[in-house]
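1. attaching a predicted model along with its sequence, questions to come.
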Protein chains: 2
Amino acid sequence: MEKPPTIKDVASLAKVHAATASRALNPQTRGKVSTRTANRVLEAAKSLGYAPNSAARSLRTKTSSVAGVIIPDLRNPVFPPIVRGIEDGLREAGYMALMGNTDGDEERERELLLAMRGRQTDGFILATGRRNDPTPADHVPTVLVNRRTDSSDIPSVTNDNNAGVYSAVQLLASLGHTRIGHVAGPQELSTGWERYRAFVDAMASHGLEVDPGRVVFSTAFTEEAGYRAAVELQRDVTAVIAGNDLIALGCYSALDEHGLSCPDDVSVVGFNDMPFADKQRPGLTTIRIPHYEMGLEAARLLLERIANPTTPAKRVILPVELIRRGSVAPKGS
Amino acid sequence: MEKPPTIKDVASLAKVHAATASRALNPQTRGKVSTRTANRVLEAAKSLGYAPNSAARSLRTKTSSVAGVIIPDLRNPVFPPIVRGIEDGLREAGYMALMGNTDGDEERERELLLAMRGRQTDGFILATGRRNDPTPADHVPTVLVNRRTDSSDIPSVTNDNNAGVYSAVQLLASLGHTRIGHVAGPQELSTGWERYRAFVDAMASHGLEVDPGRVVFSTAFTEEAGYRAAVELQRDVTAVIAGNDLIALGCYSALDEHGLSCPDDVSVVGFNDMPFADKQRPGLTTIRIPHYEMGLEAARLLLERIANPTTPAKRVILPVELIRRGSVAPKGS
């Protein structure tokens, strides 16, 4: 097999010393050579397909320009657009993402963190945060996205869960619904917890009672777990707010199972506006979170943190928007 | 900030020499120390959160245990399950995936390849292959997934596009359709090209005529491009086979626009069985490709190639399955 080109090959083609070529190729030392020489070296590197060896540079400068991105499961449709935003945000600064999935397994997450640190990762973006997670062993800058911990010493980018649930309750109340149920997400995750708390608060703000039989808890943010929780809901509800869109799809199945129709018998509201929420039958009314922008923002926060590890841990909360589709109707229509 | 633990810290806690600790931590030299000592060192490393420095090891052994994975766009729903399969396959061998999106831009792809090579990537899995792509500068093992090049010198994992399209034509013919149209995918991609060729062949096998006005070409595998192509289809078709599921959704919109209904006026068949194809209105009849398994297989092929770069370039073609849903009906029903 052909050998990859070396710095010597580049220097030789550009007719300069290897040390000069090296200075020209490193953005931090490029100013030490003339623009003309720098351009000649860059041209030579490009024509040879020379790839500067980041592993060697990484040892010298202690940065690898790689960030670890850990999510529960890429197959949950909420994550691909977030991850895409992260990658585009990292790219602006010449960073790349090393990816890992945990399936919600904490042991697996620890393994991934260790393995990524072993590959000289400069920082982490985690979409796997649990409310009670300890602050990570603080050698490596870390940012949480979508979910956060209860303590506020890790920077995070999340959504306005309160405003989102409030607008859902407001819509349903305005349509005459009073017996509104909630299929909450897992309470060890900030998303599940904040939305449940927001539901209780918003119901109170609208003078509506929260009957304990009308609130059930899903063990996971999945369609299956949502279905298993939703079939346990007290049957007198005329509207349900689901912890997220996948749980809302589980509610659709539970209604089917009970011979009830959405929205004629029961209105359903989700959370996230995941891809294809509009294509469901009926189209899902939901709270749109800015997936891509969350990822972008998380990447920028991480880069800021890498550049300046002692800055205070910022919390960024992005606005959400109620998207009304066919899954809600006036009560008793 | 606290400093990350070093090998000396581990050795000191385990009460051994640094050289012994180093041998114990490296799987390749672990046999040189006693099991008891090795376990003491591993315990110490774990309790300190010591991360062996792969960048240093990477320079010594020239392997980084990182593979570059380049796809068009993670937001196309066909890719997340493939990528998840790739990651799980890589993980079996202690590898991780460095991710990049090209949006179909060849210049961007070249940049990504260079940047990843600069990070000591051991190999690449590309879901971005074009039929006429040159064999990559062959320092780094490469495997193509989903799409392949016309030349067969790069290993690839693809689907049985012929059998898939054949079964779609067979179903439609059995339902009495004769004026079957095709909204083909981009012809510079093997998926678009192979399915178009398979369409022509399968129509001939069934004694059906391919009217040129009933075949149009979409410029991309997206809903929008599919819509723009589908509105140009000759209006006498009673069934359409789309290049993929997103193009099929574009066909749904085009039918809407023309005041036609699916499946009463026109049957539609997609390709891929992407997530949520079953949730469309109507549920999309399509050809299911084994997304996750393709990713898994591509990872294994790459690992094989890394271990033994001179093995012949294998082509793996995975079987597909016709999934019938509400989008097809007998002709004139």
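-> Now that the structure is in, tell me what you want to look at. These numbers come from a predicted model, not from an experiment.
2. next, count neighbours for the closest residue to chain B within the stretch 201-333 of chain A.
-> Nearest residue of the stretch 201-333 of chain A to chain B: residue A:276, at 4.2 Å (Cβ to the nearest Cβ). In short, each C-beta sits where N, CA and C put it, glycine included. By other Cβ atoms under 10 Å in any protein chain shown, the residues close to residue A:276 number 18.
3. I'd say it and residue B:277 touch.
-> No - Residue A:276 is beyond contact range of residue B:277, at 9.4 Å (criterion: Cβ atoms under 8 Å).
4. hmm, who's touching the host helix or strand of residue A:99?
-> Assigned by DSSP states H and E, residue A:99 belongs to strand A:96-101. Outside of strand A:96-101, the residues within contact range by Cβ atoms under 8 Å, 6 or more residues apart in numbering or on different chains are A:65-74, A:83, A:86-87, A:90, A:112, A:115-116, A:119, A:121, A:125, B:66, B:69, B:83-84, B:87-88, B:96-100, B:115-116, B:119.
5. what residues does the residue of the stretch 201-333 of chain A closest to chain B make contact with?
-> When contacts are counted by Cβ under 8 Å, 6+ apart, residue A:276 touches A:77, B:77, B:275-276, B:279.
6. same check on residue A:50?
-> A:4-7, A:9-10, A:25, A:44.
7. and it, that one's in a strand?
-> No - counting by DSSP: H, G, I helix; E, B strand; the rest coil, residue A:50 is not found in a strand; it is coil.
8. can you count the residues close to residue A:197?
-> Other residues within reach of residue A:197, judged by other Cβ under 10 Å, total 15.
9. ramachandran coordinates for it?
-> Note on residue A:197: backbone dihedrals following degrees, to the nearest 10 are phi -60, psi -40.
10. spatially nearest residue to it, not counting backbone neighbours?
-> Take residue A:197 and drop its neighbours on the chain: the residue closest to it by Cβ to Cβ, 6 or more residues apart in numbering or on different chains is residue A:162, 8.0 Å away.
11. test my guess that the one you found contacts residue A:198.
-> Yes - Residue A:162 is within contact range of residue A:198, at 4.4 Å (criterion: Cβ under 8 Å).
12. more crowded one of those two?
-> Neighbour tally, residue A:162 and residue A:198, criterion other Cβ under 10 Å: the higher count belongs to residue A:198, 21 against 17.
13. grab the nearest non-local neighbour of that one.
-> Nearest residue to residue A:198, sequence neighbours excluded (Cβ to Cβ, 6+ apart): residue A:165, at 3.7 Å.
14. and what of residue A:72?
-> residue A:104 is the one closest to residue A:72 (Cβ to Cβ, 6+ apart), at 5.1 Å.
15. what's the neighbour count on the one you found?
-> Around residue A:104 sit 16 other residues, with neighbours defined as other Cβ under 10 Å.
16. what residues are up against it?
-> Neighbours of residue A:104 in contact, by Cβ under 8 Å, 6+ apart: A:72-73, A:128, A:220.
17. quick one: pLDDT of it?
-> Predicted confidence (pLDDT) for residue A:104: 88.
18. let me know the secondary structure of it.
-> Applying three-state DSSP: residue A:104 is coil.
19. please apply the same query to residue A:157.
-> With three-state DSSP as the basis, residue A:157 sits in strand.
20. for residue A:7, what are its contacts?
-> By Cβ under 8 Å, 6+ apart, the contact set of residue A:7 is A:18, A:21-22, A:25, A:50.
21. at 6 Å instead, please
-> Neighbour list for residue A:7: A:18, A:21-22 [criterion: Cβ atoms under 6 Å, 6 or more residues apart in numbering or on different chains].
22. relative to residue A:39, how far out is it?
-> 17 Å (Cβ to Cβ, to the nearest Å).
23. what about stretch A:169-189, start to end distance?
-> With Cα to Cα, to the nearest Å as the measure, the ends of stretch A:169-189 fall 21 Å from one another.
24. residue ranges with poor pLDDT in the stretch 51-200 of chain A?
-> Across the stretch 51-200 of chain A, the ranges flagged by pLDDT under 70 are A:51-64, A:135-139.
25. which stretches in it count as helices?
-> Along the stretch 51-200 of chain A, counting by DSSP state H, counting those that start in this stretch, helices occupy A:54-61, A:79-91, A:106-118, A:161-174, A:190-205.
26. buried stuff in the second one?
-> Read it as helix A:79-91. For helix A:79-91, burial by neighbour count (16 or more other Cβ atoms under 10 Å in any protein chain shown) applies to A:79-87, A:89-91.
27. for chain B, tell me which of those residues show up nearby.
-> Filtering those for neighbours of chain B using Cβ under 6 Å from any Cβ of the partner chain leaves A:80-81, A:83-84.
28. roughly how far does the residue of the stretch 201-333 of chain A closest to chain B sit from residue B:223?
-> 11 Å.
29. now swap in residue A:68 and tell me
-> Separation of residue A:68 from residue B:223 (Cβ to Cβ): 33 Å.
30. now do residue A:284
-> For residue A:284, the distance to residue B:223 equals 18 Å [Cβ to Cβ].
31. I appreciate the help and will end here.
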